[in-house]
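Novice: can you look at this prediction? I've put the sequence above it.
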Amino acid sequence: MDDFRPVEPDRIRALVAELSASPLVLTPILSAAELGRLSADFHDYSPVLEPLLKGRCAQLAVKVERLEQVIAVAGACARHRVPLTLRGAGTGNYGQCVPLAGGLVLDLSGLNRLRSVDPDSGIVEAEPGCTLAHLDSQLAAHGRALRLVPSTYRSSSLGGFIAGGSGGLGSLRWGFLRDPGHLLGLEVVTLEAEPRLLRLDAAASAPLNHAYGTNGIITALRLASTEAVAWQQLVVGFSSWEAALEASRQLPTTALLLNALCLLESPVAERMPWPAGCPAAGPGEHRLLLHAAPDSLELLPGWLAARGGQLRWQGSRPEAGRGRGLPLGELTWNHTTLHWRAQAPDWTYLQLLLPRPEAPLLEAVRQRWGSDVLWHLEAVRHQGAPRLTALPLVRWQGPQALADLVAQCRELGAVPFNPHVITVEDGGLGVVDADQVAAKAAYDPAGLMNPGKLRGWTG
Ligand SMILES: Cc1cc2nc3c(=O)[nH]c(=O)nc-3n(C[C@H](O)[C@H](O)[C@H](O)COP(=O)(O)OP(=O)(O)OC[C@H]3O[C@@H](n4cnc5c(N)ncnc54)[C@H](O)[C@@H]3O)c2cc1C
């Protein structure tokens, strides 16, 4: 981390002068408060990342609304050799948009047009700054919807989700963002003295998918969409953890159409805020949270009751996230962590793909760590098969205890996705993706984009 130092003031001054003189109205932001805000994300869920990223801040920022402005900023950064960090809504959890080496933060939230929806295929082309909820509401007018969204659906951007996210609501049906078939193409601006504007097909786009903005500026995305469904939100209570776990394993194997399934162990359920009209979880009550299609509702309550689950509440999903009240989706994925940490800031979390069967691992962890690890599970589709992932809540007891817990889970067959690291590779399977590095060499040859976040780049 000591290798990353801010840029010498002379180069920043020269860049500010060039941008200020541009006829494209590129107003450099220099106020310390605004730069602090534009350099921050939600990495504070990690007590490992917090001290590591403290004080890392951009030296200037620019907000853009048009493609020509992006090209002008890219060219100027390349000519002045100033690092560039891209920013959508800044809701990432791994410090993805915290600039390690100062430089310029480019805020793309204003580049937010829906360019087209193909009426036959449903293929969408949109700019990266669209918030996902706004984009979804525009797709609804065409009878279409985004396949996958994070629980930060109402605030986060399309570009940031592709470059920094992985999955979320919809992962039960559609797997993860990097699965072939979701991202069909990209428009990209390169970071060169004379930037190129490229249109990449699905294969050429793959290395930019989940690359933390290290290997090209995405200025438009082509995505597959799905049919719009009026998902119903259901909250189901269980008194037995084993029964709740078994229902969570079986439900995704039925023909009942679901878009999300989240299971919260009772101590977690008891401390969640619930949508208006939904009773709070009683003592010892584990809760299953579902997004279910209207045609599944005839059968679902009986199916659940036969397995020990009682329907506690049902409500329509606020339309494209715009309606009043708390959407159930904002109790799932990392929103569970958010609500828990609001009451217990000394807790953190992990991310694991669980082995099948799951119960032996869950039980072994319980035996070793007691109530210092609490279970929060999410159902997903992994390589075509229904699986359960976990985002357990973990009482922070220092880095060694966290490493011991990760090691135990790995030994028991889980695949950890570590949220306490800053590189693309370490947050994934730990291996360098040569295609991501090759894309960086091609589109960011001077290595100026989000320095320090792609471990495979040694240039
Ligand atoms: C409470 C909470 C819940 C969350 N739940 C989920 C979840 O369910 N699933 C999930 O996957 N994530 C989740 N996240 C993480 C994050 O919210 C999402 O990944 C979100 O989609 C990121 O979008 P953003 O606009 O905030 O991206 P940012 O944080 O702004 O950026 C993310 C990364 O993308 C890069 N980037 C941004 N725009 C571009 C561009 N145009 N071209 C190239 N690179 C770019 C940035 O440099 C950065 O590295 C959650 C976070 C929080 C705090």
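Specialist: Great, that's in hand. Note that the structure is predicted; figures quoted are calculated from it, not measured.

Novice: measure the residue of the chain found nearest the ligand to Leu15 for me?
Specialist: Closest approach between the chain and the ligand, counting by C-beta to the nearest ligand atom: Gly160, at 1.9 Å. Just so you know, the C-beta spots here come from the backbone N, C-alpha and C atoms, and that holds for glycine as well. Using C-beta to C-beta, to the nearest Å, Gly160 is found at 24 Å from Leu15.

Novice: more neighbours, these two?
Specialist: Neighbour count, other C-beta atoms under 10 Å: between Gly160 and Leu15, Gly160 has more, with 31 against 24.

Novice: so how far is Asp118 from the nearest residue to the more buried one once chain neighbours are set aside?
Specialist: Closest residue to Gly160 apart from its sequence neighbours, by C-beta to C-beta, 6 or more residues apart in numbering: Gly88 at 2.9 Å. From Gly88 across to Asp118, the span is 24 Å (C-beta to C-beta).

Novice: and the closest residue to Cys278 other than its chain neighbours, what helix or strand is that in?
Specialist: By the measure of C-beta to C-beta, 6+ apart, the closest residue to Cys278 outside its immediate chain neighbours is Trp313, 3.7 Å from it. Assigned by DSSP states H and E, Trp313 belongs to strand 309-316.

Novice: which strands and helices sit next to that strand?
Specialist: If you count contacts as 3 or more C-beta pairs under 8 Å, 6 or more residues apart in numbering; DSSP states H and E, strand 309-316 packs onto strand 232-238, helix 241-250, helix 300-305.

Novice: quick check: buried residues in the second one?
Specialist: The reference is to helix 241-250. For helix 241-250, the neighbour count (16 or more other C-beta atoms under 10 Å) marks Trp241, Ala244, Leu245, Glu246, Ala247, Ser248, Arg249 as buried.

Novice: which of these lies closest to Val424?
Specialist: Minimum separation from Val424 among those (C-beta to C-beta) is found for Ser248, which lies at 30.1 Å.

Novice: which ones are touching the closest one?
Specialist: Contacts of Ser248 were listed using C-beta atoms under 8 Å, 6 or more residues apart in numbering, and they are Leu261, Leu263, Leu288, Leu377, Ala379, Leu388.

Novice: as a markdown table, the residues you listed with pLDDT, neighbour count and distance to Pro318 would be great.
Specialist: Shown next, in a markdown table, are the contacts of Ser248 (pLDDT from 0 to 100; neighbours: other C-beta atoms under 10 Å; distance: C-beta to C-beta, whole Å):
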| residue | pLDDT | neighbour count | distance to Pro318 |
| --- | --- | --- | --- |
| Leu261 | 98 | 24 | 19 |
| Leu263 | 98 | 27 | 22 |
| Leu288 | 98 | 25 | 20 |
| Leu377 | 98 | 24 | 24 |
| Ala379 | 98 | 23 | 22 |
| Leu388 | 98 | 23 | 27 |
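
Novice: so which of these are in helices?
Specialist: Per DSSP state H, helices hold no members of the contacts of Ser248.

Novice: from the residues you listed, which two are the most distant?
Specialist: Between any two of those, the greatest separation by C-beta to C-beta is 12.0 Å, found for Leu288 and Leu388.

Novice: anything in contact with each of the two?
Specialist: Both Leu288 and Leu388 are in contact with Ser248, Leu263, where contact means C-beta under 8 Å, 6+ apart.

Novice: hang on, the earlier thing: can you put the buried residues of helix 241-250 in a markdown table and add pLDDT and distance to the ligand?
Specialist: Shown next, in a markdown table, are these (pLDDT from 0 to 100; distance: C-beta to the nearest ligand atom, whole Å):
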| residue | pLDDT | distance to the ligand |
| --- | --- | --- |
| Trp241 | 98 | 24 |
| Ala244 | 98 | 21 |
| Leu245 | 98 | 21 |
| Glu246 | 98 | 25 |
| Ala247 | 98 | 22 |
| Ser248 | 98 | 17 |
| Arg249 | 98 | 21 |
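
Novice: can you pull the domain assignment for the chain?
Specialist: Domain assignment of the chain by automatic domain parsing yields the ranges 114-227, 232-416.

Novice: which of these is buried the deepest?
Specialist: Ranked by mean neighbour count, the domains of the chain are led by domain 114-227 with a mean of 21 (mean count of other C-beta atoms under 10 Å).

Novice: contacting residues around Gly168?
Specialist: Contacts for Gly168 (C-beta under 8 Å, 6+ apart) come out as Leu148, Val149, Pro150, Ser151, Tyr153, Thr332, Trp333.

Novice: closest to Val437 out of the domains of the chain?
Specialist: Smallest distance to Val437 across the domains of the chain (C-beta to C-beta): 8.0 Å, for domain 114-227.

Novice: show me the contacts for the residue nearest to Gln314 when sequence neighbours are not counted.
Specialist: By the measure of C-beta to C-beta, 6+ apart, the closest residue to Gln314 outside its immediate chain neighbours is Leu234, 5.2 Å from it. Leu234 makes contact with Leu288, Leu289, Leu290, His291, Ala292, Leu300, Leu311, Trp313, Gln314 under the criterion C-beta under 8 Å, 6+ apart.

Novice: in terms of distance to Ala206, which of those ranks first?
Specialist: For those, the residue nearest Ala206 by C-beta to C-beta is His291; the value is 28.1 Å.

Novice: around the ligand, pick out the residues from the stretch 251-400 of the chain.
Specialist: Contact residues (C-beta under 6 Å from any ligand atom) of the stretch 251-400 of the chain with the ligand: Trp333, Asn334, His335, Leu338.

Novice: assumed the second one was part of a helix.
Specialist: Yes: according to DSSP: H, G, I helix; E, B strand; the rest coil, Asn334 belongs to a helix.

Novice: was I right about it contacting Arg341?
Specialist: No: under the criterion of C-beta atoms under 8 Å, Asn334 makes no contact with Arg341, lying 9.9 Å away.

Novice: which residues do those two both contact?
Specialist: What both Asn334 and Arg341 touch, as defined by C-beta under 8 Å, 6+ apart, is the set Tyr45.

Novice: quick check, nearest of the contacts of Leu234 to Pro128?
Specialist: Comparing these against Pro128 with C-beta to C-beta places His291 closest, at 25.8 Å.

Novice: so the closest one bridges to which residues?
Specialist: For His291, the beta-bridge partners are Gln233, Ala260 (DSSP bridges).
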